[in-house]
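no FASTA, just this:
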């Protein structure tokens, strides 16, 4: 385990109170990377739901699709908010 990873682990476990600037930057970068992946996935998901909605004939199925779209939009919104924060 690298020294950086060890310090981060110790901070998470409460053995250290301060987070190094290096760890802060590494964490922010990781969050940005994760959010970028999730945003792309959520955008593809909502596009897929929109396409499926065009074909959906049954009311129950349309309701399911709306619920799925809401979940994709929630992921999208949360990740975009994380990038702003």
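Cool, the structure landed. None of these values were measured; they are calculated from a predicted model.

show me where this protein has helices.
3-12, 21-55, 59-84 (DSSP state H).

Please spell out which residues along stretch 45-56 are buried.
Neighbour-count burial for stretch 45-56, counted by 16 or more other C-beta atoms under 10 Å, picks out 45, 46, 49, 56. In this view, the C-beta of every residue, glycine as well, is placed from N, C-alpha and C.

tell me which of the residues you listed is nearest to residue 66?
Nearest to residue 66 out of those is residue 49 (C-beta to C-beta; 8.2 Å).

Do I have it right that the closest one meets residue 67?
No - using C-beta atoms under 8 Å, residue 49 is not in contact with residue 67, being 9.6 Å away.

can I get the buried residues of stretch 45-56 in CSV with pLDDT and distance to residue 5?
Output for those, formatted as CSV (pLDDT from 0 to 100; distance: C-beta to C-beta, whole Å):
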residue, pLDDT, distance to residue 5
45, 98, 33
46, 98, 36
49, 98, 39
56, 95, 48
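
Okay, residue 52 and residue 12: tell me how far apart.
Noted for residue 52: a distance of 41 Å to residue 12, by C-beta to C-beta, to the nearest Å.

Tabulate the buried residues of stretch 45-56 in a markdown table, adding columns for distance to residue 20.
Below are these laid out as a markdown table (distance: C-beta to C-beta, whole Å):
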| residue | distance to residue 20 |
| --- | --- |
| 45 | 36 |
| 46 | 38 |
| 49 | 42 |
| 56 | 52 |
